[in-house]
Every structure is written in C-alpha cells, then in structure tokens.
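In: Sequence and computational prediction follow.
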Amino acid sequence: MDLRPLTRRMRSFARRTRRFLARLWQRFVEVDGLSAAVVLSYATLLAVVPLSAVTLAVLSAFPVFDELATKFQDFVYQHFVPAASETIQAKVTELAAQGVTDADDAALLAWIEEQLGIAR
C-alpha cells in the first residue's frame, strides 16, 4: 500500500492550516482584536445588569412569576458574573423589590463597576 498520496495531502493540509492561523493572528493584531474583546465584554456587562433589574422588577410585580424570577436570577448570576454574583444579586433583588428608578440604575451601575474593578 502506497502512503505517499496520503502523506502529501496531510502535509498540504498542515501548510494551509499554518498559513490560515498566521493570517488569522496577523488580522487579529491589525484590528486590535484584544481591545475589541474588552469593549464587547464591558458593553455586555452594562447591558445585562439593567436588563436583569428591569426584568426582575416586572416579574416581582406578579406573584405568579416568583419561581420564574428566581430561576432567571440564578441563571444570570451564575453565567454572567460568577465572581461577584452573590453581592450583585442581593443588590439587584433589593432594587427590584423597591422599584427601579433612573437614579437607582445609575447608582447600581456605579456600584457594580466599583465591585468588579471596572474603570472608565
């Protein structure tokens, strides 16, 4: 059995893979991919927190949704902000119970930024 064709195909595949990875890395550096990732992470965090606060405020208005609100809350805090989830969860729950206002939103975001060490 002649393995030369298979060996050539494997080498060709390895060369193409190396070129692709080199070009991928080059493009990542050109567009400053790391900074883009940081910006996207920050924006996502800032979008998730107010959304969860509003969702919890709406769900807390209806006692029928208590179990759903608890499941939603646990999911968000376990998957999006696991490092400080208990502290943030307590604060968002407190604000949702009181009713969220614009001033509360601003204070909550500032407090979360402080807790997570995010600087503007």
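Out: Arrived safely, thanks for sending.
In: any idea how far Asn43 lies from Met1?
Out: Not quite, residue 43 is Ala, not Asn. Using CB to CB, to the nearest Å, we find Ala43 at a distance of 56 Å from Met1. C-beta coordinates here come from the backbone N, C-alpha and C atoms, glycine included.
In: what's the answer for Thr87, then?
Out: Thr87 is 65 Å from Met1, by CB to CB.
In: Please identify which of the two sits among more neighbours.
Out: Thr87 (15 against 3; other CB atoms under 10 Å).
In: and that one, what pLDDT?
Out: With respect to pLDDT, Thr87 scores 70.
In: quick one: it from Ser60, how far?
Out: Distance, Thr87 to Ser60, using CB to CB: 19 Å.
In: Need the three-state assignment for Ala22.
Out: Ala22 falls in the helix class when you classify it by DSSP: H, G, I helix; E, B strand; the rest coil.
In: What is the neighbour count of it?
Out: Quick note: Ala22 (other CB under 10 Å) scores 10 neighbours.
In: gap between Met10 and Asp2?
Out: In this view, Met10 and Asp2 are 14 Å apart by CB to CB.
In: more crowded one of these two?
Out: Met10 (11 against 6).
In: Please enumerate the helices of the chain.
Out: Using DSSP state H, the helices of the chain run over 4-30, 33-60, 66-79, 85-98, 102-116.
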